[in-house]
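Asks: Provide a 3D model corresponding to the input given below.
(one chain, ligands or ions: 1)
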Amino acid sequence: MEKKRIVSGMRPTGPLHLGHYFGVLKNWINFQEEYECYFFVADWHALTSEYSEPQKIRNFIYELVKDWFSVGLNPEKCIIFLQSQVKQHAELHLLLSMLTPLGWLERNPTYKEVKQELIAKDLNTYGFLGYPVLMASDILVYRPQLVPVGEDQLPHLELTREIARRFNYLYGETFPEPQAKLTEAARLPGLDGRKMSKSYGNSIYLNEDIKSIEKKIRAMLTDTNRKRKNDPGNPNICNLFPYHKLMTPAEVQEEIITNCTQAKWGCVDCKKILLNNLIKFLEPIHDKRKIIDKDSQLVDSILEKGNKLARESAEETMKIVRSKINFI
Ligand code: TRP
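Replies: Down below sits the predicted model:
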């Protein structure tokens, strides 16, 4: 049986943190075994909001591939590539833009939200409005069955399906409608309990050094109702406990609950356990990071190999697409 195909991308906008790991990457790593995977760095998508400072994007591309490699994305098992090096995405974007009604784009809730959030940037551009058309092209150019995305991306994926349907209706069956692959993802809140995000300064990065992590853990607020060590604590409202849930063996979690709620252990003890487990978790990631940091050619060679495979696959689709619309 042929493996099902998966396509997904990330914008290169900064180093990845634990939230990305548990929310997205952990799933990607598992998919490598079961699916034919295309994972790409969406540098053109980064340009839709960063067009005035494009020099930033270059570095983040390298960072992103290094982060991916460190957590265990394996270029032998999946196709890792750079969007802007597969020009077929741009060609399909142009063709799809001809048949995409403006109303579909203007109504897109993600479009409205992001534009509101990034009010400081001028996002009144043609490119930004077309963000989901480019995303549809990224996906459809590989004709995959599945697209693993977070919930925030579902409106975009719905649009991808609508665009595919419209193309198929106008020119004949060409694109299968890709389905969202929503997997159970653990949500790891930031150090302050809000969503983990670079802009909140509440993240632990995959490539962060242990000293700096230690400082952050020490400064974390726990159960704020627990004023003294003798007061019983409540793990359910403690910022630390979600981390234990992902990083600490179940029996130790039980022990923590008992000792916290009976005021036998203080928060400092609890933080020590967490830090140890966090270090254990990050160790193999940091080891792999050293390998790719040392080998100055490795990122380029991973991308070159992936770009070539992606191009071949995308070109196959484009041959069909061009002929369907009577272009050569
Ligand atoms: N918009 C996605 C995000 O911000 C990134 C992305 C671009 C993407 N093209 C894609 C994701 C294609 C999945 C498939 O997360």
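Asks: Read off the pLDDT value for residue 24.
Replies: Residue 24 is assigned 92 on the pLDDT scale.
Asks: wait, residue 198
Replies: For residue 198, the predicted pLDDT is 88.
Asks: all helices in the stretch 151-300 of the chain, in order from the N-terminus.
Replies: Using DSSP state H, counting those that start in this stretch, the helices of the stretch 151-300 of the chain run over residues 154-171, 210-219, 241-247, 250-261, 267-294, 298-324.
Asks: How far away from the center of its chain is the worst-scoring helix or strand of the chain on mean pLDDT?
Replies: In the chain, no helix or strand scores lower on mean pLDDT, DSSP states H and E than helix 109-117, which sits at a mean of 78. Relative to its chain's centre, helix 109-117 lies at 18 Å (C-alpha atoms, centre = their mean, to the nearest Å).
Asks: Now do that helix against helix 154-171: the angle between them, please.
Replies: Orientation note: helix 109-117 sits at an angle of 130 degrees relative to helix 154-171 (axes from the mean of the first three to the mean of the last three C-alpha atoms, to 10 degrees).
Asks: and helix 109-117, what does it pack onto?
Replies: Applying 3 or more C-beta pairs under 8 Å, 6 or more residues apart in numbering; DSSP states H and E, we find helix 109-117 packed against helix 126-129, helix 131-140, helix 154-171. In short, each C-beta sits where N, CA and C put it, glycine included.
Asks: and of these, who's closest to the ligand?
Replies: Proximity to the ligand (C-beta to the nearest ligand atom) singles out helix 131-140 among those, at 4.1 Å.
Asks: ok, the closest one near the ligand or not?
Replies: Yes: residues of helix 131-140 contacting the ligand under C-beta under 6 Å from any ligand atom: 135, 138-139.
Asks: Quick check: mean pLDDT of that helix?
Replies: 98.
Asks: and it, what does it pack onto?
Replies: strand 5-10, helix 43-50, helix 88-99, helix 109-117, helix 154-171.
Asks: Can you tell me which residues in this structure are near the ligand?
Replies: So the chain meets the ligand at 7-11, 42, 45, 135, 138-139, 147, 149, 153 (C-beta under 6 Å from any ligand atom).
Asks: sorry, back to before: give the buried residues for the least confident helix or strand of the chain.
Replies: 111, 114-115 (16 or more other C-beta atoms under 10 Å).
Asks: What are the contacting residues of that helix?
Replies: 49, 105, 123, 128-129, 131-132, 152-153, 155-156 (C-beta atoms under 8 Å, 6 or more residues apart in numbering).
Asks: Same question for stretch 285-300.
Replies: 62, 65-66, 69-72, 206-207.
Asks: now with 10 Å?
Replies: 21, 61-72, 75, 80, 82, 206-210, 279, 282, 301-302, 304 (C-beta atoms under 10 Å, 6 or more residues apart in numbering).
Asks: and the nearest residue to residue 40 once chain neighbours are set aside, what does it touch?
Replies: Leaving aside its chain neighbours, residue 40 sits nearest to residue 9 (4.5 Å; criterion: C-beta to C-beta, 6 or more residues apart in numbering). Residue 9 sits next to 38-45, 81, 83, 89, 135, 138-139, 147, 149 when contact means C-beta under 10 Å, 6+ apart.
Asks: switch the cut-off to 6 Å
Replies: 40, 42, 138 (C-beta atoms under 6 Å, 6 or more residues apart in numbering).
Asks: Spit out the contact partners of the second one.
Replies: Same thing as residue 42. 9, 11, 83.
Asks: Kindly recompute the last result at 10 Å.
Replies: 8-13, 48, 61, 64, 82-84, 89, 131, 134-135, 138.
Asks: again, but for the first one
Replies: By C-beta under 10 Å, 6+ apart, the contact set of residue 40 is 7-10, 64, 79-86, 89, 138, 142, 303, 306-307, 310.
Asks: partners of the helix or strand containing it in the sheet?
Replies: According to DSSP states H and E, residue 40 maps onto strand 36-41. Paired neighbours of strand 36-41 in the sheet (DSSP bridges): strand 5-10 (parallel), strand 79-82 (parallel).
Asks: model confidence over the shortest one, on average?
Replies: pLDDT averaged over strand 79-82 equals 98, rounded to a whole number.
Asks: Residue numbering should commence at 39 henceforth.
Replies: Got it, first residue is 39 now, which makes that one strand 117-120.
Asks: Which residues does that strand contact?
Replies: Contacts for strand 117-120 (C-beta under 10 Å, 6+ apart): 45, 47, 50, 74-82, 99, 102-103, 106-107, 111-113, 180, 337-338, 340-349, 351-352.
Asks: What's the PyMOL line that selects buried ones from those?
Replies: To isolate the buried ones among the contacts of strand 117-120 in PyMOL, judged by 16+ other C-beta under 10 Å, type:
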select buried, resi 45+47+50+74+75+76+77+78+79+80+81+82+99+102+103+106+107+111+113+180+337+340+341+344+345+348+349+351+352
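Asks: give the contact list for the single nearest residue of the stretch 239-366 of the chain relative to the ligand.
Replies: Residue nearest to the ligand within the stretch 239-366 of the chain: residue 348 (12.5 Å; C-beta to the nearest ligand atom). The contact partners of residue 348, by C-beta under 10 Å, 6+ apart, come to 45, 76-78, 117-121, 123-124, 126-127, 179-180, 341.
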